[in-house]
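[1] Attaching a predicted model along with its sequence, questions to come.
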Amino acid sequence: MLIDSQAVHSVIGTFCGLYSNGPEPYQVTGGIADEILADLGAEGALNPISGRRNTRIVQYDEVALARWVERRVTSEARITPILGAMARAVERDGRRLTALHLATRHGDLRVAAEGFVDASGDAVATWLAGLECREPVAPVHGTQVFVLEGIDEARAPHRDEIEARLKETASAHGLVRLDGFVFVVPGTGRALVNMTHVKTPLDPVGATAAALAGRAQADRVLDFLRQEFPAAFAAARVRIYGQLGIRQTRWIVGGHQLGVEEVRAGARFDDAVLRCSWPIELHHDETEAYWEVFGDDHLHQVPLRSLLPPEADNLVAAGRVVDGDVAALSSVRVMGPCIAMGAAAAHTLDLAGAGSVHQIDIARLQDRLADNLVRQG
Ligand SMILES: Cc1cc2nc3c(=O)[nH]c(=O)nc-3n(C[C@H](O)[C@H](O)[C@H](O)COP(=O)(O)OP(=O)(O)OC[C@H]3O[C@@H](n4cnc5c(N)ncnc54)[C@H](O)[C@@H]3O)c2cc1C
């Protein structure tokens, strides 16, 4: 969940997929997104950027976001959080998951519940329950994002100029990736840098090696910035290396695999739970990401069936673990749709109660999710 997620610990830094496309984008996901935008906006912790990828994205201060979530979880939502817990096993009785076993530094826990959301990024609950999962045929690269401090903002070149210079000089600087961005955070002397590509294996030794390789790449990106743009970056230092950002590892087999052609066509589903206009954004190629940006009126949907493993009655997936082909997933795993999936998962389990998530009243669910399906503004 957000309290411990990549949004904070990998310093992703921008909310994408929250708005429609075109010159006058409107918000397509509400719920807690409304509250985050209102509260962080009032704190001066947001910086909206319009026009990029034909939509609006919103830079956020990750410390402010972390505290917002912690406050919401503990004081208002009456949730009992367990920090640093690792899911180790799942108990299952036929079509129902019954309990989750967690390890923490303070001892082990068994958490029994009527329903479960798998928002683990790696489909951990689904996999531990012995349900079918998918893994990419070719690796989808992750990224070591990092924050620089000590930059001279007034002399910082536009991010497009930096990207163009990277393309020309990457091999001279020992860099594998030829694209990415440097977002200056106005008024802070800081910048968020997303310019590395690393494989993200699921085994512990490989995952650690990848994290360290990502940091080494980040250091070379800093050398590139210092040497190519000394006026702005000569005194820059790394303030934070986020946790290695992981795009795609393992995800569920759902009742419907969202396909790239459905995304391109803006297919409509009877059981839709969200809409989104974010581009196809593939990170297969180590050197460059592939982008397919959609037109002004484009919106695609995700059906509830893509969140539901067919063999379980009380498990709903949310986030980058829902079922789609790799290209389709690349357009629905950004944070706007992830937030909408969280809302869909919670309401689906609430409506199912002791029954099955496959037999809920879809009209009632969509009524509750109206902000994420039909609201315009
Ligand atoms: C480098 C990079 C840049 C991106 N840029 C953007 C961007 O600019 N804007 C945007 O909107 N999106 C961006 N995305 C996409 C977006 O950040 C992610 O897809 C999104 O954060 C996924 O959210 P999630 O909740 O599904 O998974 P995660 O954020 O990965 O959260 C999964 C949670 O599950 C926990 N977990 C995993 N395994 C276990 C276990 N065994 N036991 C207990 N807990 C476990 C993890 O600790 C974590 O807290 C980017 C992604 C990457 C990798």
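    Arrived safely.

[2] When you work out contacts or count neighbours from here on, use the C-alpha atoms and nothing else.
    Noted.

[3] which residues of the stretch 1-150 of the chain score low on pLDDT?
    Counting by pLDDT under 70, the ranges of the stretch 1-150 of the chain that qualify are 1-4, 77.

[4] got the residue ranges for the helices in the stretch 101-250 of the chain?
    Assigned helices in the stretch 101-250 of the chain, in chain order: 124-128, 159-169, 204-228, 230-233 (criterion: DSSP state H, counting those that start in this stretch).

[5] what's the distance between P201 and the ligand?
    Note on P201: its distance to the ligand, by C-alpha to the nearest ligand atom, to the nearest Å, is 13 Å.

[6] returning to that earlier point: which among the helices of the stretch 101-250 of the chain is found nearest to the ligand?
    Closest approach to the ligand among the helices of the stretch 101-250 of the chain (C-alpha to the nearest ligand atom): helix 124-128, 5.6 Å.

[7] Just the C-alpha atoms of that closest one, please, in CSV.
    Extracted C-alpha coordinates of helix 124-128, given in CSV (Å, rounded to 0.1, in the frame of the first residue of the first chain):
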residue,chain,number,x,y,z
VAL,A,124,2.6,-12.2,-3.5
ALA,A,125,-0.7,-13.2,-2.0
THR,A,126,-1.9,-14.7,-5.2
TRP,A,127,1.3,-16.6,-5.7
LEU,A,128,1.5,-17.8,-2.1
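
[8] Now do it: which elements does it pack against?
    Helix 124-128 sits against strand 86-93, strand 116-118, with contacts defined as 3 or more C-alpha pairs under 8 Å, 6 or more residues apart in numbering; DSSP states H and E.

[9] redo that, cut-off 7 Å
    strand 86-93 (3 or more C-alpha pairs under 7 Å, 6 or more residues apart in numbering; DSSP states H and E).

[10] partners of the strand it packs on, with directions?
    strand 96-104 (antiparallel) (DSSP bridges).

[11] what residues are up against the residue of the chain most remote from its centre?
    Distance from the centre of the chain peaks at A231, with 33.5 Å (C-alpha atoms, centre = their mean). By C-alpha atoms under 7 Å, 6 or more residues apart in numbering, the contact list for A231 reads R155.

[12] So which bits of the stretch 1-150 of the chain are right by the ligand?
    By C-alpha under 6 Å from any ligand atom, the part of the stretch 1-150 of the chain that sits against the ligand consists of 1, 4-7, 12, 14-16, 85-87, 119-121, 124, 142-143.

[13] So which of those residues are in strands?
    Mapping those onto strands (DSSP state E) picks out T14, F15, M86, A87.

[14] Turn these into CSV, columns for neighbour count.
    Shown next, in CSV, are these (neighbours: other C-alpha atoms under 10 Å):
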residue, neighbour count
T14, 21
F15, 20
M86, 16
A87, 18
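
[15] A340: which of those is nearest?
    Nearest to A340 out of these is F15 (C-alpha to C-alpha; 12.7 Å).

[16] and Q243, how many neighbours?
    21 (other C-alpha atoms under 10 Å).

[17] Which residues are in contact with the residue nearest to it when sequence neighbours are not counted?
    Computed as C-alpha to C-alpha, 6 or more residues apart in numbering, the closest residue to Q243 that is not its neighbour in sequence is S10, at 4.5 Å. Counting by C-alpha under 7 Å, 6+ apart, S10 touches V145, G242, Q243, L244, G245.

[18] Repeat the analysis, applying 10 Å as the threshold.
    By C-alpha atoms under 10 Å, 6 or more residues apart in numbering, the residues touching S10 are 4, 62, 143-146, 240-246.

[19] how close does it sit to M341?
    From S10 across to M341, the span is 20 Å (C-alpha to C-alpha, to the nearest Å).

[20] Tell me if I'm right that M341 and L274 touch.
    Yes - M341 lies in contact with L274 (C-alpha atoms under 10 Å); the separation is 7.2 Å.
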